[in-house]
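Q: generate coordinates for the sequence data below:
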Amino acid sequence: MGWRVKIRHVTTLEYDGKASASYNEVRMTPLDDGRQNTLERRLVVRPATPIWTYTDHWGTLVGVFDLPKSHTSLTIESVSRVETSAPRPPGTSLSWKELRTVDGPVAEMLRPTAQTAVSAELASAVREKVAGMSPHEAAEAIAWDVHERVAYTPGVTGVQTHAQEVWDRAEGVCQDMSHLTVALMRAAGIPARYVSGYLHPRRDAEIGRSVVGQSHAWVEYWTGEWAALDPTNRTAAGEGHVVVARGRDYSDVPPLKGVYQGPPAEHQEVTVEMTRLA
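A: Here you go, the predicted model:
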């Protein structure tokens, strides 16, 4: 039995003065895929301006807008209603030999990026650790090892922190644990991708009650089909996980990316409200 969830995500930027122009990309709209169905999606920008949408290379729905007129603040509000489903048990896995010969878009998720590169020594160690396991077993072992090694510690890392640094520091947040998990899965020979979205904070969520939600990151790995694991919470992605974007790492999925012409300082406030409807 799945959930029906309403999500309200508001980002407000306040400038120290007037911005004369602003150009932005927004990734805040939940996807439609085999595990979730988006029933309603609404994206509003204030000051009001037209929004164009397109689907990027990774399948994420992107809103694009520009503000050519002077403004001192910018607010982006995304409201969605989404049906999610329970995690499915992994299906039949491809062999390690078959995984080494994948091509097309899946093969892109085997290549390290700047944020998912690890040392040759660490890559060798993870391959040795999962030797004799099936790809499914290996993926899960890697994700749970990251959960055990990396202490959840807000404020010690940033969006540019890379996987090797997370391993060495042994602390970080969901983004860091996801980067490290993706990096180690790829090093082991398992295609893996970074997922961003929302997480309802309560597994026993009360229907109709609005709570402070979380922007969240987890991983998906491919062994013939995609499966999702949340290393931060040591669980498979479930009804409370709502997918917004997928990519090689965080640089492919930022909720807001843009440039503006104006004062050098800005202040950003983000709120996420989630309500389980059914």
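Q: in the stretch 101-250 of the chain, which spans are helices?
A: 105-108, 120-130, 135-149, 163-169, 174-188 (DSSP state H, counting those that start in this stretch).
Q: tell me the domain ranges of this structure?
A: For the chain, automatic domain parsing gives the domain ranges 3-85+254-276, 96-252.
Q: need the winner for burial among these.
A: With neighbours taken as mean count of other C-beta atoms under 10 Å, these reach their highest mean count in domain 96-252, at a mean of 19. Where C-beta positions appear, they are placed from N, C-alpha and C, glycine not excepted.
Q: just how off-centre is that domain within its chain?
A: Domain 96-252 has its C-alpha centroid displaced from the chain centroid by 9 Å (C-alpha atoms, centre = their mean, to the nearest Å).
Q: in a markdown table, list the domains of the chain along with mean pLDDT.
A: Output for the domains of the chain, formatted as a markdown table (pLDDT from 0 to 100):
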| stretch | mean pLDDT |
| --- | --- |
| domain 3-85+254-276 | 95 |
| domain 96-252 | 96 |
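Q: what sits against G172?
A: V150, Y152, T153, V156, T157, T161, V166, L180 (C-beta atoms under 8 Å, 6 or more residues apart in numbering).
Q: tell me the one of the residues you listed nearest E83?
A: Closest approach between the contacts of G172 and E83, by C-beta to C-beta: Y152, at 29.1 Å.
Q: wait, that closest one touches T232, no?
A: Yes - counting by C-beta atoms under 8 Å, Y152 touches T232, with 6.6 Å between them.
Q: quick check: neighbours shared by these two?
A: Joint contacts of Y152 and T232 (C-beta under 8 Å, 6+ apart) are V173, C174, M177.
Q: just put those in JSON lines and tack on distance to L110.
A: JSON lines is the format used below for the shared contacts of Y152 and T232 (distance: C-beta to C-beta, whole Å):
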{"residue": "V173", "distance to L110": "25"}
{"residue": "C174", "distance to L110": "23"}
{"residue": "M177", "distance to L110": "20"}
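Q: separation between the most centrally placed residue in the chain and P255?
A: Nearest to the geometric centre of the chain sits S196, at 1.4 Å (C-alpha atoms, centre = their mean). Distance from S196 to P255, counting by C-beta to C-beta, to the nearest Å: 7 Å.
Q: joint contacts of those two?
A: Residues touching both S196 and P255 comprise R27, S215, V244, with contact defined as C-beta under 8 Å, 6+ apart.
Q: which among those residues gets closest to I51?
A: Using C-beta to C-beta, those come closest to I51 at R27, 12.7 Å.
Q: just checking, the closest one touches G258?
A: No - R27 lies out of contact with G258 (C-beta under 8 Å); the separation is 11.5 Å.
Q: and for Q36, nearest residue in space, chain neighbours not counted?
A: Once flanking residues are discounted, Q36 sits nearest to T84: 4.7 Å by C-beta to C-beta, 6 or more residues apart in numbering.
Q: I meant T161, not that one.
A: D176 (5.8 Å).
Q: ok, now which ones touch the one you found?
A: With the criterion set at C-beta under 8 Å, 6+ apart, D176 makes contact with V150, T157, T161, A163, V166.
Q: kindly recompute the last result at 10 Å.
A: 115, 146, 150, 152-153, 156-159, 161-163, 165-167, 169, 217, 231-232, 250 (C-beta atoms under 10 Å, 6 or more residues apart in numbering).
Q: and the longest strand along the chain, which strands flank it?
A: Scanning the chain for the longest strand, with DSSP state E as the assignment, gives strand 3-19. Taking DSSP bridges as the criterion, strand 3-19 pairs within the sheet with strand 71-84 (antiparallel), strand 266-276 (antiparallel).
Q: what is the subsequent helix or strand relative to it?
A: Using DSSP states H and E, the helix or strand that follows strand 3-19 in sequence is strand 21-26.
Q: how far does that next one sit from the chain's center?
A: 21 Å.
Q: which secondary structure elements does that strand contact?
A: strand 3-19, strand 36-46, strand 61-67, strand 71-84, strand 256-261 (3 or more C-beta pairs under 10 Å, 6 or more residues apart in numbering; DSSP states H and E).
Q: tell me what angle the fourth one forms with strand 61-67.
A: On the basis of axes from the mean of the first three to the mean of the last three C-alpha atoms, to 10 degrees, strand 71-84 is oriented at 170 degrees to strand 61-67.
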